[in-house]
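In: Coordinates for the following, if possible.
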Amino acid sequence: MSVPAFTEFPRKHCIDHGAAYQLFRTEDVPMQGQAFVDLREHHILVDGHREARPAVRFRCFGLTLDREWLGTVECAVAFYPEWIGMRFGHQIELLGESGYLITDYSRELIRKPQETREAVSDLVQAIAAEFFTDLRVAEYRYERASRYSERLTHRDQVMAIRRSAHYQRLHTAKAAEEAAYALLTSLRNQAGTSK
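Out: Got it, this is the predicted structure:
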């Protein structure tokens, strides 16, 4: 897999857990431009439930390949565990799991010749392989899990407040029912004794 040279920009140019790369042409691969990478997740089915795995979205600007202007190109690279059976793409071990990086092309890229798609795929998979082995993936997964836990905790607290309000209304209704029954019984007893 031949790829152009690339260097990462300082983090201040990127969103959280993202990166930006400057691409430089080499003798093997005459490609240049800029690539912005955003970390995200995709889901796979494991024993009937969904599990998240890392993925990245690429937005390449000013991309040229051998003097051909590709312009703005978007694509994604996702990690698929080896046991799924998709054994093509760049092999990698990510967070203790062996698997492959699979490129998902955008509509603009699908219309390009096979050699162009392969060159872009080699580039984004090489960047993704470097990016995925960075600390950002673990930080991103921790933040996502933490936010999810916070949302569930908040939802549980709201449900507890609603349950408490419901039990309070139920208790008030039961008290009102008992008071009304006591009044009815009292009036029936008075009516029975006055006859």
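
In: I'd guessed Arg40 sits against Arg57; true?
Out: Yes - taking C-beta atoms under 8 Å as the definition, Arg40 is a contact partner of Arg57 at 6.0 Å. Glycine gets a C-beta too; all of them are placed from N, C-alpha and C.

In: Compare the two and say which is more crowded by neighbours.
Out: Arg57 (18 against 15; other C-beta atoms under 10 Å).

In: Quick check: that one vs Ala128, distance?
Out: In this view, Arg57 and Ala128 are 10 Å apart by C-beta to C-beta, to the nearest Å.

In: Pull up the overlap in contacts between these two.
Out: Val37 (C-beta atoms under 8 Å, 6 or more residues apart in numbering).

In: Where does the prediction get shaky in this protein?
Out: 1-2, 10-15, 86-87, 194-195 (pLDDT under 70).

In: any idea where the helices of it begin and end?
Out: 107-110, 114-132, 135-194 (DSSP state H).

In: okay if I get the ones you listed as TSV plus mean neighbour count?
Out: Formatted as TSV, these follow (neighbours: other C-beta atoms under 10 Å):
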stretch	mean neighbour count
helix 107-110	12
helix 114-132	19
helix 135-194	11
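
In: right, and the ones you listed - which one's nearest Gly18?
Out: Taking C-beta to C-beta, helix 135-194 is the member of the helices of the chain nearest to Gly18, at 8.2 Å.

In: Give me the distance between the nearest residue to Arg67 once chain neighbours are set aside and Glu143.
Out: Closest residue to Arg67 apart from its sequence neighbours, by C-beta to C-beta, 6 or more residues apart in numbering: Pro30 at 7.4 Å. Pro30 is 38 Å from Glu143, where distance means C-beta to C-beta.

In: Now the residue most central in space within the chain: closest residue in space, sequence neighbours ignored.
Out: Centre of the chain computed as the mean C-alpha position; nearest residue by C-alpha atoms, centre = their mean is Glu41, 3.3 Å away. Of all residues not flanking Glu41 in the chain, Ala52 sits nearest, at 4.2 Å (C-beta to C-beta, 6+ apart).

In: Name whatever forms a beta bridge with that neighbour.
Out: His43 (DSSP bridges).

In: Run through the residues that contact it.
Out: Contacts here follow C-beta under 8 Å, 6+ apart; on that basis Ala52 touches 41-43, 141, 144.

In: still on that earlier bit, from Ser106, how far off is the residue nearest to Arg67?
Out: Relative to Ser106, Pro30 is positioned 22 Å away (C-beta to C-beta).
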